[in-house]
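In: dropping a prediction and its sequence here:
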Number of protein chains: 2
Amino acid sequence: MDLDDIIHSLKNFEGVTRKRPIKNIVSILNDAYNVSGNTYLGYGDDASAIRIGDGKLLLLAADGIWGRLMDADPYWAGYCSVLVNVNDIAAMGGKPVGMVNVLSINSSETCYSVMEGIKDGADKFGVPMVGGHVHPDTPYDALDVSIAGIASEDAIITSCDARPGDRVIVGIDLDGRPHPSFPLNWDTTTHKSPEDVQAQIDIMAELAERHLVTAGKDISNPGTLGTLGMLLEASNVGARIEMESIPRNRSVDWDSWLKMYPGSGFVLTTAPENVNECVELLESVGITASDAGEIIADQRLYLRVDDDEGVLFDLKSEIITGVTEEKL
Amino acid sequence: MDLDDIIHSLKNFEGVTRKRPIKNIVSILNDAYNVSGNTYLGYGDDASAIRIGDGKLLLLAADGIWGRLMDADPYWAGYCSVLVNVNDIAAMGGKPVGMVNVLSINSSETCYSVMEGIKDGADKFGVPMVGGHVHPDTPYDALDVSIAGIASEDAIITSCDARPGDRVIVGIDLDGRPHPSFPLNWDTTTHKSPEDVQAQIDIMAELAERHLVTAGKDISNPGTLGTLGMLLEASNVGARIEMESIPRNRSVDWDSWLKMYPGSGFVLTTAPENVNECVELLESVGITASDAGEIIADQRLYLRVDDDEGVLFDLKSEIITGVTEEKL
């Protein structure tokens, strides 16, 4: 697969293009994100953050489970609703505290499987599902989960603070397998103990407390480079990435790998002098990490494969989410 | 309308009967509500509560907006998604901190109206909508909103602490009108200033801090007596209620009134010596309140109209949600 093919494939990947309507929606909400004056981070990050006193931040995130995931494998949908939310809090350097869900039920069999998945996810990640709301009579099955976490204002990881000169670290747990029903879900957690899984969540808070990273995001539906693109967009910077430096399980080809949603995977930026410590910490919990490139002022994501280089995203003319993130 | 007709009508009211599947769902989740050991209140209350240190509780609630509300009036659906969530936190004596949403969009026109409603709701109630998730391509329109709040462990209002001998106070803002699209929505907020609306939210925290109430809930889809029934179920008690003592706007007949979802309405229980102070505080912010009956050990809700008395809910043999609430 040559560079042009990879770029074309990633640019048109549904995991990336589905993000575009976000900008329009956010524009309608306008200043609703800060009506109380306590908001620290509004739209545009993995979780939002609100000051609650004593230097503490309440983190809030919500994720809906893609309908086709619910239809194809409701147990996995329930399990993933926990995983994706916990990762949103971890990516901010926060501690997940609890979750609530809204479940819309058409089939009670589906409902049962979804709840089983949620229960197992809560056990695995150690985050309680404390309540929610049920629509017992919808013409469709759907699941939305929200999570709250706590972080400190002086040790939060945002998506908007990457600076030119930073190094880009990609960390992915390579000990996994594509999920049988969803070849782009890189399942790294179902075969691991709760202790091992939770250690991977906790390491992000450790990175935050040690002030080792300048920005970070968990790798989600847009895949490794789509997620990095969102981070670059939020930080108003670009990057130059060496594809072969991204950690990969060699059983998966590059095109699929770059679109994977890993159970545990993060893109981080850090000052050059902190690269080694970041990599060591991530690898201490089984997340394979490496320096995959640099942050640049030019707002483009350049991808290099062998001796070829091309532009994956030109963030001056294209948008991924189009949402500007700012700290308040 | 005689007593039997009212009882039959309320028992079969969809706002009440839709609550029944909750028990089955909660039973699947089993102990997922306390996997971290920090949960203070799990399922069964307006919001769940989790200890976050220093005697503080994080409150979390989620509400989905009924599909028919989205279809009929998406602006009002968006506005109500804020109102119902804020009331859930208020009913616990908490301070609402922020909200997130998951929006599933089929029609972009609907989406625009929903977001306008959310924005106006956030402005009115002073609670920021800080983020969320969008499904841009669902075959239906749906909106789920979650809210986080903060309360103190020593001043939280639960649904499970009503005691025999307590008085039942019903407080409803009578300055409203049935919503044009939804005759069972008693709209008390759109014509009021943010200051007046927020004063009604804040008064619940004041009641909590003064330790004036033993239990409380905001009146929601099940209406005044359906909501009281849920409180009785959570507290394992019954009540004897005098219908004519429930505050009512006389432009609405009793059957409709008792099914109304008011913009601001609460059922509270209190020791007899605190009734007057509760009523005064509620009325100081425009919520008409009165002593409507007493809490009894017999787990039935007896309704008295004129000289007739009947059983509306027999909670030993029937369930509303069937969820047992307990403090951990």
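Out: Now that the structure is in, tell me what you want to look at. If you're wondering where the values come from, they're calculated on a predicted model, not measured in any experiment. Numbering: from 1, shown residues only, chains lettered A, B, ... in the order given.

In: show me the shaky parts of chain A.
Out: Residues of chain A meeting the criterion pLDDT under 70: A:1, A:19-24, A:322-326.

In: domain parsing for it?
Out: Under the assignment automatic domain parsing, the domains of chain A span A:3-17+A:157-314, A:44-154.

In: how much space between A:Val275 and A:Asp218?
Out: Between A:Val275 and A:Asp218 the computed distance is 19 Å (C-beta to C-beta, to the nearest Å). From N, CA and C alone the C-beta is placed, and that goes for glycine too.

In: for stretch A:77-86, C-alpha coordinates in PDB please.
Out: Output of stretch A:77-86 as PDB, limited to C-alpha atoms (Å, rounded to 0.1, in the frame of the first residue of the first chain):
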ATOM      1  CA  ALA A  77     -21.900  -2.400  23.000                       C
ATOM      2  CA  GLY A  78     -22.600  -2.300  26.700                       C
ATOM      3  CA  TYR A  79     -19.000  -3.200  27.600                       C
ATOM      4  CA  CYS A  80     -17.600  -0.600  25.200                       C
ATOM      5  CA  SER A  81     -19.900   2.100  26.600                       C
ATOM      6  CA  VAL A  82     -17.900   1.800  29.800                       C
ATOM      7  CA  LEU A  83     -14.500   1.500  28.000                       C
ATOM      8  CA  VAL A  84     -14.900   4.600  25.800                       C
ATOM      9  CA  ASN A  85     -16.100   6.800  28.700                       C
ATOM     10  CA  VAL A  86     -13.400   5.700  31.100                       C
END
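
In: contacts for that stretch next, please.
Out: By C-beta atoms under 8 Å, 6 or more residues apart in numbering or on different chains, the residues outside stretch A:77-86 that reach it are A:61-63, A:65-66, A:69-70, A:96, A:99, A:101, A:113-122, A:124-125, A:127, A:129, A:143-147, A:185, A:189-190, A:201, A:220, A:263.

In: next step: these restricted to strands.
Out: A:61-63, A:96, A:99, A:101, A:129, A:143-147, A:185 (DSSP state E).

In: partners of the residue nearest in space to the middle of chain A in the sheet?
Out: Using C-alpha atoms, centre = their mean, the residue of chain A that lies closest to the mean C-alpha position is A:Asp218, 2.8 Å off. A:Asp218 forms beta bridges with A:Phe266, as assigned by DSSP bridges.

In: I'd say A:Ala49 and A:Met92 touch.
Out: Yes - taking C-beta atoms under 8 Å as the definition, A:Ala49 is a contact partner of A:Met92 at 7.1 Å.

In: overlap in contacts, the two.
Out: A:59, A:151, A:156.

In: let me have those in TSV, extended by distance to chain B and secondary structure.
Out: Shown next, in TSV, are the shared contacts of A:Ala49 and A:Met92 (distance: C-beta to the nearest C-beta, whole Å; DSSP: H, G, I helix; E, B strand; the rest coil):
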residue	distance to chain B	secondary structure
A:Leu59	9	strand
A:Ala151	12	strand
A:Ile156	14	coil
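
In: out of those residues, which is most surrounded?
Out: Tallying neighbours with other C-beta atoms under 10 Å in any protein chain shown puts A:Leu59 at the head of these, with 30 neighbours.

In: OK, contacts around that residue?
Out: With C-beta under 8 Å, 6+ apart, A:Leu59 has these contacts: A:47-49, A:89, A:92, A:94, A:147-151.

In: so which of these belong to strands?
Out: A:48-49, A:147-151.

In: so which bits of the stretch 101-250 of chain A are right by chain B?
Out: A:101-105, A:108, A:111-112, A:115-116, A:118-119, A:122-123, A:126-140, A:142, A:144, A:146, A:148, A:150 (C-beta under 8 Å from any C-beta of the partner chain).
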